[in-house]
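A.B. asks: Provided below for reference: sequence and predicted model.
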Amino acid sequence: MTSSVVNEESQFVRDHLNAKIEAVVAADADEKTLLITEIKQLLKQEDAVMVAHYYTDPELQALAEETGGCVADSLEMARFGRDHPASTLVVVGVKFMGETAKILSPEKRVLMPTLEATCSLDLGCPIDEFSDYCDQHPERTVVVYANTSAAVKARADWVVTSSIALQVVKHLTDQGEQIIWAPDKHLGNYVAKETGADMLIWDSACIVHDEFKAKALVDLKSVYPDAAILVHPESPQSVVDLADEVGSTSQLIAAAKNLPNKQLIVATDKAIFYKMQQAAPDKLLIEAPTGGNGATCKSCAHCPWMAMNGLTNLRDVLKLGHQEIVVEESVRLNAIKSLNRMLSFTPDK
């Protein structure tokens with residue numbers, strides 16, 4: 001067989017494979033379009049609104065925006081869900097966010113695409129162990145991060161998100177209070193360092209942010225010397241120390257918009273790029289490295305539980321009405337006290 005014939009046959013095979021791939025891609029796109037159309041119809045039919053976190057997949061964030069829902073951090077998700085008139089909230093995120101919505105809106109039906117989507121911080125702070133720990137230090141004010149179960153929130157005096165953690169702890173410290181902090185040790189250490197607070201800090205961490213590496217970040221900065229480094233305070237202190245801006249998801253999005261740098265190295269879940277790029281369309285967003293040398297991916301910064309939310313299970317929960325969040329009323333009544341303190345908090349002047 002001549003080389004020209006072989007080349008012709010090889011080209012035929014390549015063309016045939018490419019045509020198959022294009023057909024599959026087109027079919028997938030058509031199926032996704034139909035799925036999105038069905039979800040939009042079901043949202044109207046069920047008097048439902050989507051409340052999605054910045055760390056969910058961009059197609060879900062876009063759908064929430066298109067349907068009058070909310071894409072936000074956990075603090076704004078809580079406020080939006082409480083204040084929206086819809087009778088059903090579809091919380092696209094992780095389970096503690098659904099529980100928070102139900103605590104604040106007990107009269108509403110709260111659904112999630114999956115109840116299996118949890119959080120390493122929630123898992124790392126079981127209520128029995130945490131309650132025993134608090135009992136050993138009754139003189140201390142208990143401040144817990146929003147990334148905790150309803151039961152842990154019910155045991156707390158305050159709930160905070162990363163956007164107001166510094167202000168709340170400073171407020172308590174100014175009043176002479178000593179604090180138990182849970183569950184994120186990196187955020188707790190950052191807050192203690194910035195405020196000088198007397199804090200006992202629970203030992204747990206976010207599996208995403210805990211993986212950011214200072215040495216790899218320094219190496220990346222050498223490639224992009226003009227880039228600003230944006231870091232979520234759930235990251236290790238060695239990473240926080242390299243930051244030009246430290247803050248919550250909403251604060252980092254604002255920083256991306258306001259900083260003069262045209263290149264930004266971002267150390268948080270990469271799904272935030274969807275909203276961050278909207279805020280700063282003219283800037284280059286670069287994923288901060290996580291795994292270091294020998295890692296299987298350049299950056300593994302996407303929460304595996306957030307990634308469990310998808311269009312198919314979103315459609316299914318609206319269609320079937322399953323995956324409903326339930327919070328025991330006695331737990332809810334205690335948890336709402338600490339949550340309302342967070343929602344009504346005004347920083348000291």
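C.D. replies: That came through fine.

A.B. asks: could you pull out the strands for the stretch 101-250 of the chain?
C.D. replies: For the stretch 101-250 of the chain, the strands defined by DSSP state E, counting those that start in this stretch cover 109-111, 141-145, 158-160, 179-182, 199-201, 228-231, 245-246.

A.B. asks: any idea which element the residue sitting nearest the centre point of the chain lies in?
C.D. replies: Compute the mean C-alpha point of the chain, and by C-alpha atoms, centre = their mean the closest residue is residue 55, 4.2 Å away. According to DSSP states H and E, residue 55 maps onto no helix or strand at all.

A.B. asks: now the strands of the stretch 101-250 of the chain as JSON lines including mean pLDDT?
C.D. replies: Shown next, in JSON lines, are the strands of the stretch 101-250 of the chain (pLDDT from 0 to 100):
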{"stretch": "strand 109-111", "mean pLDDT": "97"}
{"stretch": "strand 141-145", "mean pLDDT": "97"}
{"stretch": "strand 158-160", "mean pLDDT": "97"}
{"stretch": "strand 179-182", "mean pLDDT": "98"}
{"stretch": "strand 199-201", "mean pLDDT": "98"}
{"stretch": "strand 228-231", "mean pLDDT": "98"}
{"stretch": "strand 245-246", "mean pLDDT": "97"}
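
A.B. asks: adding mean neighbour count, write the ones you listed out as a markdown table.
C.D. replies: Yep, even glycine has a C-beta here, placed from its N, CA and C like the rest. A markdown table is the format used below for those (neighbours: other C-beta atoms under 10 Å):
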| stretch | mean neighbour count |
| --- | --- |
| strand 109-111 | 22 |
| strand 141-145 | 25 |
| strand 158-160 | 26 |
| strand 179-182 | 25 |
| strand 199-201 | 19 |
| strand 228-231 | 24 |
| strand 245-246 | 20 |
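
A.B. asks: tell me which of those strands lies nearest to residue 239.
C.D. replies: strand 228-231 (5.7 Å; C-beta to C-beta).

A.B. asks: what's residue 175 sitting at in phi/psi?
C.D. replies: Main-chain dihedrals, residue 175, degrees, to the nearest 10: phi -90, psi 10.

A.B. asks: any idea which helix or strand comes after the helix or strand hosting residue 278?
C.D. replies: Per DSSP H and E: residue 278 is located in helix 273-279. Where DSSP H and E defines the elements, the next helix or strand beyond helix 273-279 is strand 284-287.

A.B. asks: buried stuff in that following strand?
C.D. replies: For strand 284-287, the neighbour count (16 or more other C-beta atoms under 10 Å) marks 285-287 as buried.

A.B. asks: so in that sheet, which strands flank that strand, and in what orientation?
C.D. replies: Strand 284-287 pairs in its sheet with strand 263-267 (parallel), by DSSP bridges.

A.B. asks: my guess is residue 98 contacts residue 108. True?
C.D. replies: No: assessed by C-beta atoms under 8 Å, residue 98 is found out of contact with residue 108, at 11.2 Å.

A.B. asks: so which of those two has more stuff around it?
C.D. replies: Set side by side, residue 98 and residue 108 show more neighbours around residue 98, with 29 against 21, by other C-beta atoms under 10 Å.
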